[in-house]
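# build the 3D model from these lines:
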Amino acid sequence: MSWPVIFAIANSLAMIIASVFVLFVHDRKHEDIEQSVDFSFSAETLRRVLGYYRTMAVLMALFFVVFVASLIALQRFADLTLFAEGKAFYLSMVFFTLDLVLRGAFFDWMEHFDISVSPLSMNRDLPSFVWYAFVFRMFFALTLLKILVSFAWIWGKVRRALRQTQAATTADAGHG
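So this is what the prediction gives:
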């Protein structure tokens, strides 16, 4: 087993662990943020919320870069044929990875309508690569789904807190 294969396995395990983190620890963090918004909305609370989502975005960007680097290593150093079209250029691998991200983000909408941002397709004769790409795609799908639902919920809470603050300010101004 070559080092690129070991690296890909380690990356898969890291994505699975990160997915579990997002699914379970994210809920706890989401509850803490929600209580902060409910208790007292402030600029500091908004900074905490945005900081948390920024952390999630950095995690996603990191896995994107590591996955592309892994594809390059698998093709170049392990001499694996990852794509049905044969060897691919590095930029093509970036677009293939972006395609996986978008397919994960749009939950098979792109798959159903056969929309793609990459001319590359997986080599289905290499099942380990198909599973590796699946783990990557599901990491993005789960993470994006959790972030979108959480963000919409917190955004609603923030909007409600802002309206209550504005209503209280208007009421105080009317009495003063």
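
# tell me the contacts of the nearest residue to E85 once chain neighbours are set aside?
Distances taken as CB to CB, 6 or more residues apart in numbering place L120 nearest to E85, at 5.8 Å, with adjacent residues excluded. For glycine as for every other residue, the C-beta is placed from the backbone atoms N, C-alpha and C. Contact analysis of L120 by CB atoms under 8 Å, 6 or more residues apart in numbering lists 83-85, 88, 92-93, 95-96, 99.

# wait, a strand at L120?
No. Checked against DSSP: H, G, I helix; E, B strand; the rest coil, L120 lies outside a strand; its state is coil.

# retrieve the pLDDT associated with it.
Looking at L120, its pLDDT is 95.

# from Y52, how far out is it?
According to CB to CB, to the nearest Å, L120 stands 34 Å off from Y52.

# please apply the same query to D172.
In terms of CB to CB, D172 sits 32 Å off from Y52.

# compare the two (neighbour count), which wins?
Just comparing D172 and Y52: by other CB atoms under 10 Å the higher neighbour count belongs to Y52, 19 against 9.

# buried set for the host helix or strand of that one?
Taking DSSP states H and E as the definition, Y52 sits inside helix 43-76. Applying a neighbour-count criterion of 16 or more other CB atoms under 10 Å, one finds 45-46, 48-49, 52, 56, 59-60, 63-64, 66-68, 70-75 buried in helix 43-76.

# with stretch 130-142 instead?
Buried, per 16+ other CB under 10 Å, within stretch 130-142: 132-133, 135-137, 139-142.

# what of stretch 72-90?
In terms of neighbour count (16+ other CB under 10 Å), stretch 72-90 has its buried residues at 72-75, 78, 80, 82-83, 88.

# what about the helices in this structure?
When assigned using DSSP state H, the helices of the chain occupy the ranges 3-20, 26-39, 43-76, 90-105, 109-112, 127-175.
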